[in-house]
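*Asks:* after the sequence you'll find the predicted model.
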Amino acid sequence: MAQRAIGAGAAISLIAVLASGGAQAQDRGITYTLYGTPGLLEMPTALVPPDGEFAATLGATTTMQRTTMTFQITPRLMGSFRLSTTQDFYLPYEDPQEGLYVDRSVDLRYQILEEGPLLPSVSVGLQDFIASGQFGAEYIVASKALGDAFRVTAGLGWGRFGSGNGFDNPLGLLSSEFETRPDDTDAIYDGQWFTGDAAFFGGVEWAATDTLTLKAEYSSDAFERETALGIITIDSPINAGVTWEPKPGYQIAANYLYGNTFGLTGTILFNPNNRPFDGGFDPAPVPVAQRDAGAGAGGWDRAADPEAAIIAATSRALAAEGIELNAIQLNAGAARIQFTNNRYRSEAQALGRVARIMTRTLPASVETIILEPLARGIPTSAVTFNRSDLEALETVSGGSDAILERAMIAEAGSSAGLTPVAAPGGPLTWGIAPYGAVQFGDGENSSFGINGGIEASAAYEIRPNLVLSGALRQQLFNTADATTELPSDDLQRVRTNSAFYVQEGTTTIPTLTLSHYGRPLPELYSRVTAGLLEPMFGGVSTELLFKPVDSDWAVGGEVAYVRQREFDQLFEFQDYEVITGHGSVYYDFDNGFHGQLDVGRYLAGDWGATLAVDREFENGWRVGAFATVTDVSFDGEIDSGVDYGIRVEIPIDFVVGQPTQRTLGTTLGAPERDDGQRLDLDGRLYEEIRDGHYTNLSEGWGRFWR
Amino acid sequence: MGTVLAMTRMIRSFWVVLGLFALAGCGNQTEPGLASQLGGRFIPALAVEAESAVEPGAPSPETAMLFQVSGLGIVGLGQLVEASGGRRTYLGETGYSVTFEGDVMVATRGFGKDLMAADVSQVRAAIAQRSGTARRVHEYLDARDQISRQVYECTFELKGTEEVDLGLRQVETRILSETCQNPRIVFENVYYIDSNGTVIASRQFVSDVIAYLRNNRL
């Protein structure tokens, strides 16, 4: 439950985690711009950070703040997501306004040529490319190191980067369409890339010491709009600055810009490929017990080795590993158990620990060991081992691959023949933990705030797959100002009223549900959850998922009937009710990318689709982007546009070096809105089931003998 | 501009809200809070295994080995918990384990960057001959939970004698050195051999992060 509590408001706890581990030496030499991209001061270079690297940057001047997440998506493709604020800015097609203007922008950069002894590195980039927003620019840029400490960069820019000393677009030779940049509109894309005037930019970097890099650039950005609005004055196109890297992974830069302005940049780097504690300090497993030659030839002597004692010993040993023995089937030649792994992120590691324990507790005559991991009380697969393979391969070079090759991973068997085993700790689990959350609310009517308090949670396992669970929260502080009444909206308020829930809900029941999981047919999984599903909605949610054990794909469907809860988050409901649900397709690409498409009806009754693509690392990291379009996205009155953003999930064992299934996740860039919203449900089937299936097991199999 | 203002707050929150992370809790849930996870370590699954419990009393030379890993501040006894199939596994008090084939370490657990597995068949033959060369294969778990393999070429050489202090007794030993290298790493393992031809102490390479493990018999 603590995971939910943290997840609700962990927008930035991410940085706390990022701060706990630095990047490696190969990252040195790459410094970041005010835009949070590898480059000079504001102009890009062609450099590419190591694959998987993640950079969080705050670039600030007195008039403009840019907060950027940059991720090296593949070895050559880089993506950036940026939220920036500019004082008193507005675009030509927008109403004049005073105050902070917020812009959300996305960049892509692709390295088309790697640096060689003679050739430079060359990259092409699109900045703020989705709409013609505040920072729209395109560029092609080349960078070359000269010796150990110098690097020069030259590039050609368009859009914003073609505005300073620009000249006729050379691409105009190809087509006159390139000669004029379309007027700014709020269209998604109106053909603006690489159009209009072009201009040269460039600069030099000098690594004066191991920790200091001096940079100077000639900028081709004239800040036309900002200058026209009197926000920025450009006295010089030359910018200069110094970047200090006190330790690898942390950069602080002081910059002098436009001939009149100081700017500061801070960057934290993190790479899922650099794990601070290597494999982690997981306590050693019990070693495999090898049987003496000929042992067990006489079969299983039940008098000397009674079944009840075997079950008790197995259950105790598993419990000490954070693993629950749920059911067992035992005969002279084979043993099958169902278990729930509550400790290890990697189900393969749990399998390895369970298998080793069973070599120590089973009668010597048992040669076949079948392990069925449970998720929410239902078996996700059956992994069959020969005991002699376990005995032979534990500490042998190549043993990890060999045991995967010799194991059989198949659909779980039926429950026939299994003897249920009561959980050693009893059916009730409970916990008390602090929680914290960040409130955004609707901008006009509520203010930003942090709230927190204490949460008590409990779960009662009626059966392993039928669980009553709930939580009780006591809010202890809330820094947000009082919320005034919301004006009516064209769309039912389903999320933008969150401030009321924070304000009126001081002693609350965020969730109270009865959930049932099932496997009505092999490869088919089901879920029914009823009750107070989440703080803002209650009702009944049902789900089916078809997912063969060895498939890279799955299809599923979810339908829920829900009513909006009262702001006090107790047992009363408001009038609004809706049937919401989605059909979903999931696909795990071989190259580490994962895609999910959901099509259906959202909470406010709007219809549409959400596409999400994540890069999933075998060690549990996930970095992804998503976009939602519904039938009101481009509705004349609401016109909220595409909802898009990025999300990051960090496995806590990566950070602390101890086994745990906890993760810390955050989503950036999706401000509270009412369209495209889904139920915030715990325990959707796909994420529960897939850990026990072939793809995820094999990806994490290096931990089997851990 | 409601959306815009909400985003402003999001940006602020992004940089402001530190400290929400380390939220520990209590309860009977199987998954303990972070704080308790960072506490003492031992091998719980074995502790509950009554039949393997080691008899209390003075450690016996047959069932105990002294281990030292300088980088981790480990100095202590490991108890023999499994001896079968030509391998012996010792368990240390702080939750690590060390497995030997003959006198050669083939696996560790609980050290962080552990030796996951090793192929030391040629190494064992060279130790028996007190000379020669051998190919040694080490396996490690990388940052992405994949097994990575290092292959070393090793040369064995006797390098004089040394008196080894085993605590209870002083033993005169011959020193057998094993120098291993691959393009990335060079290390030297040392085996101390008594007059009976038994390796009574050694210093063996675990990984680039952990460096060496020293062990000696009682």
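*Replies:* That came through fine. Residues are numbered from 1 along each chain as shown, chains lettered A, B, ... in the order given.
*Asks:* only C-alpha atoms for contact and neighbour calcs from this point on.
*Replies:* OK.
*Asks:* what's around the residue in the stretch 101-250 of chain A that chain B sits nearest to, how many residues?
*Replies:* As assessed by Cα to the nearest Cα, chain B sits closest to A:Val102 within the stretch 101-250 of chain A, at 5.4 Å. Using other Cα atoms under 10 Å in any protein chain shown, A:Val102 has 27 other residues around it.
*Asks:* doesn't it fall inside a strand?
*Replies:* Yes - under DSSP: H, G, I helix; E, B strand; the rest coil, A:Val102 falls within a strand.
*Asks:* touching, it and A:Leu83? I think so.
*Replies:* Yes - between A:Val102 and A:Leu83 there is a contact under Cα atoms under 8 Å: 6.9 Å.
*Asks:* distance of the residue of the stretch 101-250 of chain A closest to chain B from A:Thr33?
*Replies:* Here the criterion is Cα to Cα, to the nearest Å. By it, A:Val102 lies 19 Å from A:Thr33.
*Asks:* the helix or strand hosting A:Tyr587 packs against which elements?
*Replies:* If you go by DSSP states H and E, A:Tyr587 is part of strand A:573-588. Helices and strands touching strand A:573-588, as assessed by 3 or more Cα pairs under 8 Å, 6 or more residues apart in numbering or on different chains; DSSP states H and E, comprise strand A:553-565, strand A:593-601.
*Asks:* let's see it at 10 Å
*Replies:* Under the contact definition 3 or more Cα pairs under 10 Å, 6 or more residues apart in numbering or on different chains; DSSP states H and E, strand A:573-588 sits against strand A:537-546, strand A:553-565, strand A:593-601, strand A:607-616.
*Asks:* residue of the stretch 551-700 of chain A nearest chain B, please.
*Replies:* Counting by Cα to the nearest Cα, the stretch 551-700 of chain A gets nearest chain B through A:Asn619, at 4.8 Å.
*Asks:* that residue and A:Ser346 touch, don't they?
*Replies:* Yes - between A:Asn619 and A:Ser346 there is a contact under Cα atoms under 10 Å: 8.4 Å.
*Asks:* and A:Gly352, that's in a strand?
*Replies:* No - using three-state DSSP, the secondary structure at A:Gly352 is helix, not a strand.
*Asks:* quick one: contacts for it?
*Replies:* A:Gly352 makes contact with A:285, A:288, A:358, A:371, A:390, A:394, A:403, A:701, A:703-706, according to Cα atoms under 10 Å, 6 or more residues apart in numbering or on different chains.
*Asks:* try 7 Å this time
*Replies:* A:704-705 (Cα atoms under 7 Å, 6 or more residues apart in numbering or on different chains).
*Asks:* same question, A:Leu77
*Replies:* A:109-111.
*Asks:* then A:Glu618?
*Replies:* A:Glu618 neighbours (Cα under 7 Å, 6+ apart): A:699-700, B:144-145.
*Asks:* what about 10 Å?
*Replies:* Applying Cα under 10 Å, 6+ apart to A:Glu618 gives the contacts A:272-273, A:346, A:592, A:696-702, B:143-146.
*Asks:* ok, A:Gly583 - contacts?
*Replies:* Listed by Cα under 10 Å, 6+ apart, the contact partners of A:Gly583 are A:543-545, A:555-559, A:597-601, A:609.
*Asks:* again but with A:Pro363, I slipped
*Replies:* With contacts defined as Cα under 10 Å, 6+ apart, A:Pro363 is in contact with A:291, A:295-296, A:299-302, A:304-307, A:310, A:330-335.
*Asks:* what about chain B: which of those touch it?
*Replies:* Filtering the contacts of A:Pro363 for proximity to chain B by Cα under 10 Å from any Cα of the partner chain leaves A:Arg291.
*Asks:* burial count for residue 88?
*Replies:* No chain specified, so I'll use chain A. 17.
*Asks:* try chain B instead
*Replies:* 20.
*Asks:* hang on, isn't it packed against B:Gly78?
*Replies:* No - B:Arg88 sits out of contact with B:Gly78 when judged by Cα under 10 Å, with a separation of 11.3 Å.
*Asks:* I'd like to know how far the residue nearest to A:Arg527 when sequence neighbours are not counted sits from chain B.
*Replies:* Sequence neighbours aside, A:Tyr517 is the residue nearest to A:Arg527 in space, at 4.5 Å (criterion: Cα to Cα, 6 or more residues apart in numbering or on different chains). Noted for A:Tyr517: a distance of 20 Å to chain B, by Cα to the nearest Cα, to the nearest Å.
*Asks:* what about A:Tyr517, neighbour count?
*Replies:* Neighbours of A:Tyr517 (other Cα under 10 Å): 23.
*Asks:* list the contacts of it.
*Replies:* Going by Cα under 10 Å, 6+ apart, A:Tyr517 touches A:375-378, A:464-467, A:525-529, A:542-544, A:683, A:685.
*Asks:* before we move on, the earlier item: indicate which one of the helices and strands packed on strand A:573-588 is closest to A:Val122.
*Replies:* Proximity to A:Val122 (Cα to Cα) singles out strand A:607-616 among those, at 24.7 Å.
*Asks:* what lines up beside the closest one in the sheet?
*Replies:* Next to strand A:607-616 in the sheet, as set by DSSP bridges, lie strand A:593-601 (antiparallel), strand A:622-630 (antiparallel).
*Asks:* then the first one to CSV, C-alphas only?
*Replies:* Right, strand A:593-601. Extracted in CSV, the C-alpha atoms of strand A:593-601 (Å, rounded to 0.1, in the frame of the first residue of the first chain):
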residue,chain,number,x,y,z
PHE,A,593,10.4,-1.9,-26.5
HIS,A,594,6.9,-2.6,-25.4
GLY,A,595,3.7,-1.2,-26.9
GLN,A,596,0.2,-0.9,-25.6
LEU,A,597,-2.9,0.4,-27.4
ASP,A,598,-6.1,1.0,-25.5
VAL,A,599,-9.3,1.9,-27.4
GLY,A,600,-12.5,2.7,-25.6
ARG,A,601,-14.5,5.0,-23.4
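*Asks:* and the angle from it to strand A:573-588?
*Replies:* Calculated by axes from the mean of the first three to the mean of the last three Cα atoms, to 10 degrees, strand A:593-601 forms an angle of 140 degrees with strand A:573-588.
*Asks:* shaky segments in the stretch 301-450 of chain A?
*Replies:* A:440-448 (pLDDT under 70).
*Asks:* show me where it has strands.
*Replies:* For the stretch 301-450 of chain A, strands defined by DSSP state E, counting those that start in this stretch occupy the ranges A:323-330, A:334-341, A:368-375, A:378-379, A:382-386, A:408-410, A:419-420, A:428-439, A:449-463.
*Asks:* still on that earlier bit, what about the contacts of A:Tyr517, which are in helices?
*Replies:* Taking DSSP state H, the ones among the contacts of A:Tyr517 that sit in helices are A:Leu685.
*Asks:* which is the next helix or strand following the single longest strand found in chain B?
*Replies:* Of all the segments assigned as strand in chain B under DSSP state E, the longest by residue count is strand B:147-165. Where DSSP H and E defines the elements, the next helix or strand beyond strand B:147-165 is strand B:170-181.
*Asks:* just checking: what are the partner strands of the following helix or strand past that next one?
*Replies:* Counting by DSSP H and E, the element after strand B:170-181 in chain order, helix or strand, is strand B:186-193. Using DSSP bridges, strand B:186-193 pairs in its sheet with strand B:170-181 (antiparallel), strand B:199-207 (antiparallel).
*Asks:* format these as TSV; extra columns: mean neighbour count and distance to A:Ala216.
*Replies:* Converted to TSV, the strands paired with strand B:186-193 look like this (neighbours: other Cα atoms under 10 Å in any protein chain shown; distance: least, Cα to Cα, whole Å):
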stretch	mean neighbour count	distance to A:Ala216
strand B:170-181	19	45
strand B:199-207	21	43
